[in-house]
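Peer 1: Show me the folded form of this:
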Amino acid sequence: MCEIKNINSTAIARNKLKFSIYKTIDFLPYMKELDVPHRHNYNMILLNERNSGKQLVDFEECVIEPFSITCLHYGQIHQWLDYDKIEGYIIIFENDFFALRHQNYQLSEFSFLTYRHKIPYATVSREQFENLKSIAIWMLKEFNGKENNFDKHLYSLLNLLLLELDRLFKTNNKNTEFTQSLQLIYHFEELIDKYYREKHFVKDYASILHVRPNYLNAVCNEVTNSAAGDLIRNRIILEAKRLLIHEKKTASEIAYELGFTDNSYFGRFFKKYENNTPDGFKKMFLKS
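Peer 2: Numbering: from 1, shown residues only. Coordinates of the predicted model:
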């Protein structure tokens, strides 16, 4: 398998704004270039209005249905499979585009743009979709028109779209009741994504967050139903899988890249949580 490409938004947008929006029919030439596995160095929101398709996201096939929303975040590995008939809008932006305008909070505040949610996907009612579509149409008008302060309009419209999506993706469960706990989890996830190659232990993250490891673990269990250590391990395992499948690297090279000084320990670590060796997983996946 060929080495995976890292794709930046500038390669697609052909501009320095780090933001772009397309009708899917206008995005087809890029889809044809990206129908091989590629790593997103940007966030992508697909609003599909008509017809169906398929895409592969981090080893999972995702069906694209009418009146559906798919959100892909920074770092995910993506491949378009069946896409030539879908009709809707694609919004692409880098983290910096959002942060330039909204300095008081980060994209990690939106849980559907964090790695814990592998494929945030939802089908919505026609009315809900029309609300999102109206924002996308306004975005497209500003993006193509490039009138005075159009970039500021785009910042605000993106924020509005994300807030609307946040409403749709939030479920009526206990997670919504723990504002402080959610803030802690979001910051924890952000730190994991930044340091998972070098920091493998809960105590390391608890120290940065200025909380006790036991407290961090309790909050993780309460909000995510997973231990803090599991969130760290899941991120390491996910990256190991990505590197095994999509890059020409040996298990020992991957072990070193992910901060394991002992290759054999990395092998035991991987097998413990995946019930397979790194090489075994690669062979199994490539055969499927």
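Peer 1: Can you tell me who residue 121 pairs with across the strands?
Peer 2: Beta-bridge pairing for residue 121 (DSSP bridges): residue 70.
Peer 1: Pull the number of nearby residues for it.
Peer 2: Neighbour count for residue 121, taken as other Cβ atoms under 10 Å: 20. No exception for glycine: its C-beta is placed from N, CA and C like everyone else's.
Peer 1: Would you confirm that it contacts residue 67?
Peer 2: No. Using Cβ atoms under 8 Å, residue 121 makes no contact with residue 67, being 11.9 Å away.
Peer 1: Residue 208 against residue 191, yeah?
Peer 2: Yes. Look at residue 208 against residue 191 with Cβ under 8 Å: they come within range, at 5.9 Å.
Peer 1: Of these two, give the one with the bigger neighbour count.
Peer 2: Neighbour comparison, residue 208 and residue 191: the larger count goes to residue 191, with 17 against 13 (by other Cβ under 10 Å).
Peer 1: For the more buried one, pull up the helix or strand it's in.
Peer 2: Using DSSP states H and E, the element containing residue 191 is helix 179-195.
Peer 1: With residue 264 instead?
Peer 2: Short version: residue 264 belongs to helix 263-274, going by DSSP H and E.
Peer 1: what packs against that helix?
Peer 2: In terms of contact count using 3 or more Cβ pairs under 8 Å, 6 or more residues apart in numbering; DSSP states H and E, helix 263-274 is assigned the packing partners helix 228-246, helix 251-257, helix 278-287.
Peer 1: Columns distance to residue 42 and mean pLDDT on top of those helices, output as a markdown table?
Peer 2: Putting the helices and strands packed on helix 263-274 into a markdown table (distance: least, Cβ to Cβ, whole Å; pLDDT from 0 to 100) gives the following:
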| stretch | distance to residue 42 | mean pLDDT |
| --- | --- | --- |
| helix 228-246 | 16 | 90 |
| helix 251-257 | 22 | 94 |
| helix 278-287 | 25 | 84 |
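Peer 1: so how far is residue 57 from the residue most central in space within the chain?
Peer 2: Of all residues in the chain, the one closest to the mean position by Cα atoms, centre = their mean is residue 73, 2.3 Å from it. In this structure, residue 73 and residue 57 are separated by 10 Å, where distance is defined by Cβ to Cβ, to the nearest Å.
Peer 1: circling back to that earlier point, for the closest residue to the residue nearest to the centre of the chain other than its chain neighbours, give me its contacts.
Peer 2: Spatial nearest neighbour of residue 73, chain neighbours left out: residue 113 (4.5 Å); criterion: Cβ to Cβ, 6 or more residues apart in numbering. When contacts are counted by Cβ atoms under 8 Å, 6 or more residues apart in numbering, residue 113 is found next to 43, 71, 73-74, 107, 120, 162.
Peer 1: which one of these is nearest residue 200?
Peer 2: Distances from these to residue 200 were compared by Cβ to Cβ; the smallest belongs to residue 74, at 21.3 Å.
Peer 1: re the thing from before, just the C-alpha atoms of the helix or strand following the helix holding residue 191, please, in PDB.
Peer 2: If you walk from helix 179-195 toward the C-terminus, the next helix or strand you reach (DSSP H and E) is helix 202-209. Provided in PDB are the C-alpha atoms of helix 202-209 (Å, rounded to 0.1, in the frame of the first residue of the first chain):
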ATOM      1  CA  VAL A 202      -2.900   9.500  33.500                       C
ATOM      2  CA  LYS A 203      -0.700  11.200  36.100                       C
ATOM      3  CA  ASP A 204       1.100  13.200  33.300                       C
ATOM      4  CA  TYR A 205      -2.200  14.700  32.100                       C
ATOM      5  CA  ALA A 206      -3.600  15.200  35.600                       C
ATOM      6  CA  SER A 207      -0.500  17.200  36.400                       C
ATOM      7  CA  ILE A 208      -1.000  19.500  33.500                       C
ATOM      8  CA  LEU A 209      -4.700  19.900  34.300                       C
END
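Peer 1: so residue 81 is in which element?
Peer 2: Secondary structure here is read from DSSP H and E; on that basis residue 81 sits in strand 77-82.
Peer 1: Neighbouring strands of that strand in the sheet, and parallel or not?
Peer 2: Within its sheet, and counting by DSSP bridges, strand 77-82 is paired with strand 38-40 (antiparallel), strand 53-57 (antiparallel).
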